[in-house]
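# next one to model:
(4 chains)
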Number of protein chains: 2
Amino acid sequence: MTIARRRPTSADVAARAGVSRTTVSFVLNDRPGTSISPQTRRRVLDAATELGYHPHASARGLAGGKSHILGFVLRQSAEQVAGDGTLAETLSGLAAAARTAGFRVMVEPLDPSDGSYDALLRAQHADGLVVSGPRVDDAGLATLAADGFPIVLQGSLAGIDAPSVDVDNVSGARRAVEHLIGLGWRRIGCITNAPLAYTAAQERLDGYRSALEAAGLPFDETLVEEADFDAGSGHRAMARLLARARPDAVFVASDVVAFGAIAAIREAGLRVPDDISVVGFDDIALAGFFDPPLTTVRLPAYDLGMAAGTALLDRVAGRPVPDRTLLPTELIVRSSTAPSTKAEAYGPGP
Amino acid sequence: MTIARRRPTSADVAARAGVSRTTVSFVLNDRPGTSISPQTRRRVLDAATELGYHPHASARGLAGGKSHILGFVLRQSAEQVAGDGTLAETLSGLAAAARTAGFRVMVEPLDPSDGSYDALLRAQHADGLVVSGPRVDDAGLATLAADGFPIVLQGSLAGIDAPSVDVDNVSGARRAVEHLIGLGWRRIGCITNAPLAYTAAQERLDGYRSALEAAGLPFDETLVEEADFDAGSGHRAMARLLARARPDAVFVASDVVAFGAIAAIREAGLRVPDDISVVGFDDIALAGFFDPPLTTVRLPAYDLGMAAGTALLDRVAGRPVPDRTLLPTELIVRSSTAPSTKAEAYGPGP
DNA sequence: ACGCGTCACTAACGCGAGTTAGTGTCCCCC
DNA sequence: GGGGGACACTAACTCGCGTTAGTGACGCGT
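Next comes the predicted model:
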């Protein structure tokens, strides 16, 4: 009958090893600066494993003032979470980083319409927060950051005093559009991944714009549409774009949205990549299996979570953390892009 | 300078309201059986909000013996987590259920090769566990369940004494295959979603088999292939299947795997649905935007997380929980299936 | 032989809340 | 006017661990 057996405490371990509780604590935490004889240490460790001792998390948290938990705040609605192609991978990376330091990850999905997530931190449930997908209009965040709580933004956000870890959206987007330009396309549209209140959306649009400028192409805002995270919004955005200003190529700032956009292109009787070339962003797991396999900008989702995690752990431990960490992207060329067949129609480049 | 300000404790609230700490606790926890005068209650609540008081999570956990945390164990490798199309949505549902009871969710990704996750429970980090994707060979799980810890399996597993919450895999799969049979296809293959050590894979295969039997069709094991969660494995499985035993239609027990399978069909110069009809399973967010839009079996991922969460909360609270909860699936017919054009080749049905 | 310093360990307090047992006050009713 | 309840509240203990201050034993140097 193992059920009724009381959880062993550090006192039980101490008794069994014939030492005091303090010694047990010193041994199990490898407390620097204290010296414990090898045989005592052995006795304690043996007693602990024999009893199946696991320190009580809450007690540790209360006594030590640290919960050993990192919070992961998802500033998205449930639907957006469901459709997010990289979230699970980022979470994996974050959890892996946490584990190396003996931390765990607590998720806090929080619809943008919901209020504050103060409680997580103020209740010391979590020692720090990784905030994913921050929006420019997040009030509670600013307060928390100003109060000195350890926060790391996954995504950038001006005006908030917290380090940010992000992928280099601007250069990734620019690279994608340069690729299209290099293939001979000139009339290039852009569908954002999300409303521009999300900083990543703004940055990717900036990258699109700067690639056009660098190539001497005009920025035409009738070629730009905003999507809203999911494939359906991409479908609608592309339909609008086709109706208004038939582009030759499109940079879609999210693979999921691109899937919807391509469906719209197909329904319009046009072919990808020959009639309209498409570049996505994210390189989700399914990107290579789409029809056509999607040319896209690889976002290192796992590494992103890992980097955010280590940054937050550093911040929690009081170590210095760079204000801004940008992870590189990589253009993955597949078959949704092809050389323009009507390059001559535009005459020689500028 | 708000940074230096000490966190308010319940004693501070008590002092400000002019009552004792016990009264504060009674008021804030709505303790049944005790009567507090309305004006005292008001004073306490006002003092709490004025001070911005949030009870310390660890202290509450230690004193009350409950962490108010649900653990979510992912028995998958990091790659599998990344490619899982429904995981984030299930997590959303679980978190929503947890929140209604004032609980939070802690995720514990645990590679199948890794050892035990005892620590989570034995350290009372979590009050209970939802174990996703259990495998038949999970030793630690059995021990934990036998020790009486609150565990809910998301997915079924014989021989473990814990309630399970799952989607009705068998009937969903049967429904999918019946759909193919109803369209006139007779030589129907099956690609599993995962190795058969995963119970969901076995159940979906069982559903496939029972649909064949019910229709009087033979079960031919050369028409069955195992995949391994991701699209790449689906691609390889389909390639093997095509090389060995060209089927007319395929039931692929996962949309993600189906995406890979369809890519392989396309590369073989065959068309979906006319040459080979395909039914998937899960109805991931992108299923409707694939080419062709995928006929599939809808798995209510959010509801699944929600159901697992409420079941676990009931279990934690000592309320009775049914041994087995099966959520219904729904066949979503899109365009990856079409009537057989060569039905006559088989002659009239049996 | 004495003092000083390390070494190895222990006693005891504190973290912040939940909770039990107990205390005083007021009102009602016989 | 005195006994008996409800009522409203408090003092004090508890949870399990981290941590500080302190103690005894032993070795080494002069």
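
# helices of the stretch 51-200 of chain A, start to end?
A:57-64, A:78-83, A:87-100, A:118-122, A:139-146, A:169-182, A:199-214 (DSSP state H, counting those that start in this stretch).

# just checking, what packs against the longest one?
Here helix A:199-214 is seen to pack against helix A:169-182, strand A:188-191 when contacts are counted using 3 or more CB pairs under 8 Å, 6 or more residues apart in numbering or on different chains; DSSP states H and E. C-betas here are computed from N, CA, C, even on glycine.

# what of the fourth one?
On a contact count with 3+ CB pairs under 8 Å, 6+ apart, helix A:118-122 meets strand A:69-74, strand A:128-132, helix A:139-146.

# same thing but at 7 Å, please
Counting by 3 or more CB pairs under 7 Å, 6 or more residues apart in numbering or on different chains; DSSP states H and E, the packing neighbours recorded for helix A:118-122 are helix A:139-146.

# list of residues touching the helix it packs on?
Contacts with helix A:139-146, where a contact means CB atoms under 7 Å, 6 or more residues apart in numbering or on different chains, come from A:Ser116, A:Tyr117, A:Asp118, A:Leu121, A:Val131, A:Pro134, A:Ile151, A:Ile160, A:Asp161, A:Ala162.

# return the set of buried residues in stretch A:238-247.
Counting neighbours by 16 or more other CB atoms under 10 Å in any protein chain shown, one finds that the buried residues in stretch A:238-247 are A:Met238, A:Ala239, A:Leu241, A:Leu242, A:Pro247.

# then stretch A:7-22?
A:Pro8, A:Thr9, A:Ser10, A:Asp12, A:Val13, A:Ala14, A:Ala15, A:Arg16, A:Ala17, A:Val19.

# list the contacts of the residue nearest to the first one when sequence neighbours are not counted.
The shortest distance from A:Pro8 to any residue that is not its chain neighbour, by CB to CB, 6 or more residues apart in numbering or on different chains, is 4.2 Å, and that residue is A:Leu51. When contacts are counted by CB under 7 Å, 6+ apart, A:Leu51 is found next to A:Pro8, A:Asp12, A:Val13, A:Arg16.

# likewise A:Leu212?
A:Val177, A:Phe219.

# and A:Arg315, how many neighbours?
Other residues within reach of A:Arg315, judged by other CB atoms under 10 Å in any protein chain shown, total 20.

# what residues are up against it?
By CB under 7 Å, 6+ apart, A:Arg315 lies in contact with A:Gly128, A:Pro150, A:Val152, A:Pro163, A:Val321.

# of the residues you listed, list those near DNA strand C.
Contacts with DNA strand C within the contacts of A:Arg315, as defined by CB under 7 Å from any atom of the strand: none are present.

# nearest to B:Cys190 among the residues you listed?
Among those, A:Val152 lies closest to B:Cys190 (CB to CB), at 45.4 Å.

# what sits closest to that closest one if chain neighbours are left out?
A:Leu312 (4.4 Å).

# report pLDDT for A:Phe290.
At A:Phe290, the model reports a pLDDT of 93.

# how near is it to A:Arg334?
Using CB to CB, to the nearest Å, A:Phe290 is found at 9 Å from A:Arg334.

# the more surrounded of the two?
For A:Phe290 and A:Arg334, the more surrounded residue by other CB under 10 Å is A:Phe290, and the numbers stand at 28 against 18.

# find the nearest non-adjacent residue to the more buried one, please.
Per CB to CB, 6+ apart, closest to A:Phe290 is A:Phe259, 6.5 Å.

# still on that earlier bit, let's have the buried residues of stretch A:238-247 in TSV, adding pLDDT.
Putting these into TSV (pLDDT from 0 to 100) gives the following:
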residue	pLDDT
A:Met238	98
A:Ala239	98
A:Leu241	97
A:Leu242	97
A:Pro247	96
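
# contact partners for the closest residue to A:Asp323 other than its chain neighbours?
Setting aside the residues directly before and after it, A:Asp323 is nearest to A:Pro163 in space (CB to CB, 6+ apart), at 5.4 Å. Contact partners of A:Pro163, counting by CB under 7 Å, 6+ apart, are A:Val152, A:Ala311, A:Arg315, A:Val321, A:Pro322, A:Asp323, A:Arg324.

# flag the shaky bits of the stretch 201-350 of chain A, pLDDT-wise.
Within the stretch 201-350 of chain A, the stretches with pLDDT under 70 are A:342-350.

# nothing else from me, thank you.
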